[in-house]
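In: sequence first, predicted model second:
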Amino acid sequence: MTMIERDLVSFTNFAQKAIASGSGDISIDELFDQWRAENPSDALYSENLAAVQAAILDFKNGERGTLVGEHSAQLRQQFGVSGE
């Protein structure tokens, strides 16, 4: 069975279970988005894994990023939104 065939079977099973559980009013696009989130492609999985590994390495090397308050202040300034 090819990867495409496995994905089709997996998505079909996922969609049938979602519909049977009462999600009948959901669109096929929404079903696919949910399925894709639970079943990322190998390329996306590899990309996400690399990003997590890079973040862990940054943390181990002392990089702590931007504090949330500083980041939100920058965004408020950038978009002209009051902080009050």
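Out: Alright, I've got the coordinates.
In: shaky segments in this structure?
Out: The chain contains residues with pLDDT under 70 at 24, 83-84.
In: any idea which residue is closest to the centre of it?
Out: Averaging the C-alpha coordinates of the chain gives a centre point, and the residue nearest to it by CA atoms, centre = their mean is residue 37 (6.0 Å).
In: what is the burial count for residue 72?
Out: Per other CB atoms under 10 Å, the neighbour tally for residue 72 reads 13. The C-beta positions use only the backbone N, C-alpha and C, and glycine is treated the same way.
In: could we number from 510 for the rest of this?
Out: That works, and once the first residue is 510, the last one we named lands at residue 581.
In: which SSE is residue 590 in?
Out: Here residue 590 is covered by no helix or strand, with elements defined by DSSP states H and E.
In: could you measure from the nearest residue to it once chain neighbours are set aside over to residue 577?
Out: Nearest non-adjacent residue to residue 590, counting by CB to CB, 6 or more residues apart in numbering: residue 584, 7.6 Å away. Between residue 584 and residue 577 the distance is 10 Å, computed by CB to CB, to the nearest Å.
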